[in-house]
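Asker: Following is a predicted model, sequence given first.
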Amino acid sequence: MTHTSAQALLDTRPPAGPAPAVPRPAGEPGATGHGAAVSMPSGRRVLVVDADTACADSLVTQLRRHGHEALGVRRGGAALRAHEDVDLVLLDLELPDLDGLEVCRAIRAVSRVPVIIVTARASELDCVLGLQAGADDYVAKPYGLRELMARIEAVMRRAEWQPAAAREIRHGRLHIDVGSREVLVGGEEVALTRKEFDLLCLLASHPDTVIPRKQLLQQVWGDSWSRRTVDTHVSSLRGKLGDSGWIVTVRGVGFMLGNP
């Protein structure tokens with residue numbers, strides 16, 4: 001089957017208007033709407049993307065029993081249209097129209113909505129590829145429901161800790177455009193990798209706060225890399241920003257943004 005590009009589908013979305021409640025894509029086979037279930041105040045709006053209708057329906061039912069609003073869709077294209085109006089995406093990788101990893105990358109390119117991959121692909125390589133595509137966590141089928149619910153809450157705690165926030169961050173000579181992912185120091189553009197940008201943006205969003213190393217790993221890398229990963233990226237960032245004082249090491253705790 002020839003798959004349509006996820007980015008192409010994103011590019012053809014209509015201009016954003018006032019955000020409605022979680023949408024039910026018209027004509028989506030196997031889509032599961034809200035029904036009469038009433039969510040608890042702490043409930044999340046969860047999008048379940050799974051080509052297996054029985055599996056999706058079962059998960060949607062369980063999510064509702066736990067107080068969440070849940071919507072199920074079968075296709076990647078429907079996920080790309082619906083993800084803007086939910087709090088969390090549970091994404092299978094085996095979809096009929098798009099590769100799940102491509103869907104994950106496309107969502108992450110335009111949105112900070114948390115994504116948990118829930119799939120039968122259980123190898124270490126698949127997990128690494130999923131996390132590199134932008135997923136916040138990776139759960140292999142079959143899974144225990146209590147474990148999945150615990151992972152959902154853990155991912156949402158990390159997401160809520162991040163500011164929802166400012167499209168631009170200014171800190172002395174440092175200017176970060178969150179939307180375009182551009183960084184300027186003293187008016188000069190600085191080219192950063194995706195993870196370098198995410199790390200800098202997280203530190204800059206909390207300029208007077210020492211962020212523990214473990215917190216950085218969880219929010220930027222999703223617990224999937226080693227302690228040394230942070231040090232390597234901090235060193236690279238300092239070099240690219242032109243002054244080691246931009247990132248201050250608080251020994252035994254973590255890092256904070258400086259102002260050299």
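Answerer: Yep, that arrived. What you see is a predicted model; the values in this text were computed from it and never measured.
Asker: Pop the domain breakdown of this protein in here.
Answerer: If you go by the TED database, the domain ranges for the chain are 45-160, 168-257.
Asker: hey, least reliable of the ones you listed by pLDDT?
Answerer: Mean pLDDT values for the domains of the chain show the minimum at domain 168-257, a mean of 87.
Asker: Tell me which of the domains of the chain sits most buried.
Answerer: Of all the domains of the chain, domain 45-160 carries the top mean neighbour count, a mean of 19, counting by mean count of other C-beta atoms under 10 Å. Where you see a C-beta, it was placed from the backbone N, CA and C, and this is true even at glycine.
Asker: Would you map the strands across the stretch 1-150 of the chain?
Answerer: 45-49, 69-73, 88-91, 115-119, 137-140 (DSSP state E, counting those that start in this stretch).
Asker: tell me how far stretch 112-123 is from the chain's mean position?
Answerer: On the basis of C-alpha atoms, centre = their mean, to the nearest Å, stretch 112-123 sits 10 Å off its chain's mean C-alpha point.
Asker: got a list of contacts for that stretch?
Answerer: Residues from elsewhere that reach stretch 112-123 (C-beta atoms under 8 Å, 6 or more residues apart in numbering): 50, 59, 83-84, 86-94, 100, 104, 107-108, 126, 130, 134-141, 143, 148, 151-152, 155-156, 158-159, 162.
Asker: Kindly report the same for stretch 49-63.
Answerer: By C-beta under 8 Å, 6+ apart, stretch 49-63 touches 29-30, 32, 46, 48, 70-76, 78-79, 89-92, 94-96, 100, 103, 118, 145.
Asker: same thing but at 7 Å, please
Answerer: Residues from elsewhere that reach stretch 49-63 (C-beta atoms under 7 Å, 6 or more residues apart in numbering): 30, 32, 46, 48, 70, 72-74, 79, 89-92, 94-96, 145.
Asker: Equivalent analysis for stretch 199-216, please.
Answerer: Residues contacting stretch 199-216 (C-beta under 7 Å, 6+ apart): 162-163, 165, 169, 171, 174, 176, 178, 183, 192, 219-220, 227, 230, 233, 237, 247, 250, 253-257.
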